[in-house]
Each structure stands twice: as C-alpha cells, then as structure tokens.
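Participant: have a look at this prediction, sequence included:
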Amino acid sequence: MAKIGIVVGSLRKGSFSKKVAENVAKLFPDGYTTEIIEIGNLPLYNQDYDADSPAEYTAFRSKVREVDAVLFVTPEHNRSIPSALKNALDVASRPWGQNVWAGKPAAIISQSIGSIGGFGANHHLRQVLMFLDMPVLQQPEVYLGNSADLFDANGSISSRDTLDYLQSFVDAFVALIRKYSS
C-alpha cells in the first residue's frame, strides 16, 4: 500500500488545479491511497522559524513525511509556480539538513486557462524538485491547456482522450513509485 500526497498549487475556491487533482486521484490503482495536503495555511517561510517552527509548519512537515510519493498539480503564475507552492516547498525543505521531500518520487501536472498548459510552471517546479532530491517522472509530461473547458457540470473531466492520457501518466508514476520503493 502506497500513500500519495497531492499538493495543489492553487488556493482559489473552485480551482481548476484542485478539480484536476480530484479527477486524477481516482485513477490510481488498488493499493494506492491519495490525500490532498493543504498549503494555504502556511505562514511565509522565514529562517527565523527554523529554531521554533509554527505549528502549521510542524503539521505540514509531518504530512509530507507520512506519504510515499507526491503529485503536484499547479497553475502557472507569471510563467512560474504560485508563491503558495514555492512557500510550501521551502517550509518542508528546512531547516537545512531536514528536507522531508528528499527521496520521495514526484510527478507534475500543470494547467492553464491558456493554450500552453502551464509549461513555465511545470519546468520551474522540476528545477526546484530536482534540487530537493525528488526523483521526478520525466515522461509523459502533462500540460493541460484551456483548463476552464476540461470539466462537465459535475467537475469531472469530460474528454475521454484527456482521461486516457492522464491514466497513462498515473501508470508511469506508479511504476516510478514502485522503482523507488523496492
């Protein structure tokens, strides 16, 4: 049994990233559980907190420690990742030498209401995850463009082709997780 933490880069109510995350969570096979790890309550990272962490930092680090792998689902903000996501990455990688992300397999889905699907966010996030010592799924890459049009009235992804592609992504991520868990 593997536990997958899902970190959603958007804090917006009705977030397209969260809808994507909820749809993708259903694609994992038996024996895999998923949990969205909230990032919106984290105070901005400040090195002064390394000696005496806020309770939110401690709880967040504990959640990350408990998962076997992490799926990041994020929008693009100004050709990069949202500040809340960068803050979460910093919080769980500090203090120096206590990086709780290290060694956890990771995968990225980026999305955008525009046509390039969060390409900039996806690649900036890959840079950070590599530094944090997370083996990142390389292929297939997922850039979901025109994300406002992906969902039906119930919030489900309506395109069979998109779901099939996301299933291939989840299957590849599961293979990466198995590789690192053996």
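Facilitator: Received, thanks. Residues are numbered from 1 along each chain as shown.
Participant: could you find the closest non-adjacent residue to Ser80?
Facilitator: His124 (4.6 Å; CB to CB, 6 or more residues apart in numbering). (Glycine included, C-beta is placed from N, CA and C.)
Participant: name the SS class of the one you found, please.
Facilitator: helix (DSSP: H, G, I helix; E, B strand; the rest coil).
Participant: could you count how many residues lie near it?
Facilitator: Residues lying near His124 (other CB atoms under 10 Å) number 19.
Participant: go on, Ser115?
Facilitator: Neighbours around Ser115, by other CB under 10 Å: 9.
Participant: going forward, the N-terminal residue is numbered 24.
Facilitator: Happy to do that; since the first residue is 24 now, the last one works out to Ser138.
Participant: I figured Ile29 hits Thr57, correct?
Facilitator: Yes: assessed by CB atoms under 8 Å, Ile29 is found in contact with Thr57 at 5.6 Å.
Participant: got any residues that touch both of those two?
Facilitator: Listed contacts common to Ile29 and Thr57 are 48, 94; contacts here mean CB atoms under 8 Å, 6 or more residues apart in numbering.
Participant: the more surrounded of these two?
Facilitator: Using other CB under 10 Å, the more surrounded residue of Ile29 and Thr57 is Ile29, with 23 against 19.
Participant: then the helix or strand hosting the more buried one to PDB, C-alphas only?
Facilitator: In this structure, Ile29 is located in strand 25-31 according to DSSP states H and E. Backbone C-alpha positions of strand 25-31 (Å, rounded to 0.1, in the frame of the first residue of the first chain) are rendered in PDB as follows:
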ATOM      1  CA  ALA A  25       1.400   3.400  -1.000                       C
ATOM      2  CA  LYS A  26       0.200   6.700   0.100                       C
ATOM      3  CA  ILE A  27       0.300   9.600  -2.400                       C
ATOM      4  CA  GLY A  28       0.300  13.200  -1.200                       C
ATOM      5  CA  ILE A  29      -1.300  15.600  -3.600                       C
ATOM      6  CA  VAL A  30      -0.100  19.200  -3.400                       C
ATOM      7  CA  VAL A  31      -2.300  21.700  -5.300                       C
END
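Participant: buried residues in that strand, which are they?
Facilitator: Within strand 25-31, the residues that count as buried by 16 or more other CB atoms under 10 Å are 25, 27-31.
Participant: then stretch 57-75?
Facilitator: Under 16+ other CB under 10 Å, the buried positions of stretch 57-75 are 57, 59-60, 62, 65, 68, 72.
Participant: closest to the centroid, which residue in this protein?
Facilitator: In the chain, the residue lying closest to the centroid (CA atoms, centre = their mean) is Phe95, at 1.1 Å.
Participant: so what strands line up beside the helix or strand hosting that one?
Facilitator: Under the criterion of DSSP H and E, Phe95 resides in strand 92-98. With DSSP bridges as the test, strand 92-98 is paired with strand 25-31 (parallel), strand 129-134 (parallel).
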